[in-house]
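Student: based on what follows, work out the 3D shape:
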Amino acid sequence: MPDKQQPEALRLADELEEPLYDFLEPTTLEAAAASELRRQHGELETLRTGYAAARLEIESLKAQLHAAK
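Tutor: Numbers count the residues shown, from 1 in each chain. Model prediction:
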């Protein structure tokens, strides 16, 4: 990620998927854990975006209410 530190969940997922040495591939458990970390990170980002949008809408409605008084 340019100009921004990679989220910890994605860093851990990458680490889980890296070969342990130059010849060992990640295990099925490691691959599944990495996939789940990425899925949960995506879901969290979606929730954060929705929360931010709702917060902006609330502020806008408060401003309209204040202006109407």
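Student: phi and psi next, for E25.
Tutor: The phi/psi pair for E25 (degrees, to the nearest 10) reads phi -80, psi 160.
Student: show me what contacts it?
Tutor: P19 (CB atoms under 8 Å, 6 or more residues apart in numbering). The C-beta positions use only the backbone N, C-alpha and C, and glycine is treated the same way.
Student: any idea of the pLDDT on the residue nearest the centre of the chain?
Tutor: With distances taken as CA atoms, centre = their mean, the chain has H41 as the residue nearest its mean C-alpha position (3.3 Å). H41 is assigned 97 on the pLDDT scale.
Student: what's the answer for the one 5 residues further on, then?
Tutor: With respect to pLDDT, T46 has a value of 97.
Student: helices and strands around the helix or strand that contains it, which ones?
Tutor: Applying DSSP states H and E as the criterion places T46 in helix 28-68. Judged by 3 or more CB pairs under 8 Å, 6 or more residues apart in numbering; DSSP states H and E, the packing partners of helix 28-68 are helix 8-17.
Student: I appreciate the help and will end here.
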